[in-house]
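> Predicted model and sequence follow; I will ask about them next.
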2 protein chains.
Amino acid sequence: MSKSLLTLTPVETVACCNPLATEPLSEEHAIQIAPLLKALADPARLRLLSLVASHRDGEACVCDLNDAFELSQPTISHHLKVLHEAGLLDRHKRGVWVYYAVRRDALASLADLLGGVGQ
Amino acid sequence: MSKSLLTLTPVETVACCNPLATEPLSEEHAIQIAPLLKALADPARLRLLSLVASHRDGEACVCDLNDAFELSQPTISHHLKVLHEAGLLDRHKRGVWVYYAVRRDALASLADLLGGVGQ
């Protein structure tokens, strides 16, 4: 694995890669990209991500998500942490609440990676 | 879960869904879509899928993959089976070899689902 690749975040790595159909993915890139897909590969996290993405201004606080979701607050917080650590959600504190926003660059890069196969 | 949804394959379900940013994903759809992402969320499977997709005519036999991959043949066959069962690869026998082809509709639908968030 090259030094430069090690310093990239998963999101930056995805953005570096050509669509899957154009050339075989390297082992190093595959190892970097798989965790993003793994973070997405859970029904509760898919729903949380879509709730944040479709909320007004593309961001939501935990208070909004608690109201819209049947899971316990600790479970929601766990899933949000996984999505944040994978680089799929940004978070910032405003007042007493933590707000989450979708990393549109990360999802767009993943879409480009997969979408190239469909062309 | 509605009866009609139960009869859909995961690929058909993904094609049914609007981009994540446009409306919250339903629990039923999230449960159907997560297995496709889980099948993709493995470095070896990502690489195998890209090898098949970028091979001439978008298909490859196990013989082609054995030559291009450092994993054992049984391990490769296991990963191909997971991708096939998830609906991401088609397979057919021609002569003595089994050939695999990428389900471009499945990957394009996944890309549309994720890509809408980036718009």
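All right, it came through fine. Bear in mind the structure is a predicted one, so any value in this text is a computation, not a measurement. Residues are numbered from 1 along each chain as shown, chains lettered A, B, ... in the order given.
> Can you get me the start-to-end distance on stretch A:89-103?
The first and last residues of stretch A:89-103 sit 5 Å apart, counting by C-alpha to C-alpha, to the nearest Å.
> is that stretch up against chain B anywhere?
Yes: counting by C-beta under 8 Å from any C-beta of the partner chain, chain B is contacted by stretch A:89-103 at A:V102. No exception for glycine: its C-beta is placed from N, CA and C like everyone else's.
> can you pull the buried residues of that stretch?
Counting neighbours by 16 or more other C-beta atoms under 10 Å in any protein chain shown, one finds that the buried residues in stretch A:89-103 are A:L89, A:Y99, A:Y100, A:A101, A:V102, A:R103.
> Would you mind giving those as JSON lines with pLDDT and distance to A:A30 added?
Shown next, in JSON lines, are the buried residues of stretch A:89-103 (pLDDT from 0 to 100; distance: C-beta to C-beta, whole Å):
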{"residue": "A:L89", "pLDDT": "95", "distance to A:A30": "23"}
{"residue": "A:Y99", "pLDDT": "93", "distance to A:A30": "32"}
{"residue": "A:Y100", "pLDDT": "95", "distance to A:A30": "27"}
{"residue": "A:A101", "pLDDT": "95", "distance to A:A30": "27"}
{"residue": "A:V102", "pLDDT": "92", "distance to A:A30": "24"}
{"residue": "A:R103", "pLDDT": "92", "distance to A:A30": "20"}
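> which stretches of chain A form helices?
Listed in chain order, the helices of chain A (DSSP state H) span residues A:3-6, A:10-16, A:27-40, A:43-54, A:62-68, A:73-85, A:104-115.
> For chain B, which of those helices is the nearest?
Nearest to chain B, of all the helices of chain A, is helix A:104-115, at 2.8 Å by C-beta to the nearest C-beta.
> Who are the contact partners of the residue nearest to the spatial centre of chain A?
Of all residues in chain A, the one closest to the mean position by C-alpha atoms, centre = their mean is A:L88, 2.1 Å from it. Shown here is A:L88, whose contacts under the criterion C-beta atoms under 8 Å, 6 or more residues apart in numbering or on different chains are A:L36, A:A39, A:L40, A:L49, A:V102, A:R103, A:A106, A:L107.
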